[in-house]
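**Student:** sequence? don't have it. structure:
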């Protein structure tokens, strides 16, 4: 069994390929300058962000995911994997803080339903 298969088997949430805008700021960054990424796949537990600009494994990031027009889900995530592969560069992010309302909105977006508003 390959490492990729083992990693998928260990996931708590199923992932869905989506192209959603994600604004990222480094949690420790006092300037709070945001960088825009696209999510290549997303679940209630994390995301893979496509990019050639990569953070280091272990860095904590604040994420703002635009799941629907006018609806943004905020989460804090930790970089758990970095891919420098030419065909798919990016970062695997594990959500470490996600409010229950945000998780519910994200679940609705992943099902393709209209997610409820997040307070």
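**Tutor:** Arrived safely, thanks for sending. The structure displayed is predicted, hence computed values, not measured ones.

**Student:** Run me through the strand neighbours of the longest strand seen in the chain, direction for each.
**Tutor:** Ranked by residue count under DSSP state E, the longest strand found in the chain is strand 71-83. With DSSP bridges as the test, strand 71-83 is paired with strand 60-68 (antiparallel), strand 90-97 (antiparallel).

**Student:** any chance of these in JSON lines, plus mean pLDDT and distance to residue 110?
**Tutor:** The way it works is simple: take the backbone N, C-alpha and C, and place the C-beta from them, glycine included. Converted to JSON lines, the strands paired with strand 71-83 look like this (pLDDT from 0 to 100; distance: least, C-beta to C-beta, whole Å):
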{"stretch": "strand 60-68", "mean pLDDT": "89", "distance to residue 110": "9"}
{"stretch": "strand 90-97", "mean pLDDT": "94", "distance to residue 110": "13"}
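
**Student:** Tell me which of those strands sits nearest to residue 79.
**Tutor:** Nearest of the strands paired with strand 71-83 to residue 79, taken as C-beta to C-beta: strand 90-97 at 5.2 Å.

**Student:** Please report how far the residue nearest the centre of the chain lies from residue 73.
**Tutor:** Closest residue to the average C-alpha location of the chain: residue 47 at 3.0 Å, with C-alpha atoms, centre = their mean. From residue 47 across to residue 73, the span is 11 Å (C-beta to C-beta, to the nearest Å).

**Student:** Show me the common contact partners of those two, please.
**Tutor:** Listed as contacting both residue 47 and residue 73 by C-beta atoms under 8 Å, 6 or more residues apart in numbering are residue 65.

**Student:** Not counting the helix or strand where residue 24 lies itself, show me its contacts.
**Tutor:** For residue 24, the element it lies in under DSSP states H and E is strand 16-26. Strand 16-26 has contacts (C-beta under 8 Å, 6+ apart) with 32-43, 47, 49, 55, 59-67, 109-110.

**Student:** Mind checking which of those are buried?
**Tutor:** When the contacts of strand 16-26 are checked for burial by 16 or more other C-beta atoms under 10 Å, the buried set is 37, 39-43, 47, 49, 55, 59, 61-63, 65-67, 109-110.

**Student:** still on that earlier bit, relative to residue 39, how far out is the residue nearest to the centre of the chain?
**Tutor:** Applying C-beta to C-beta, the value for residue 47 to residue 39 is 5 Å.
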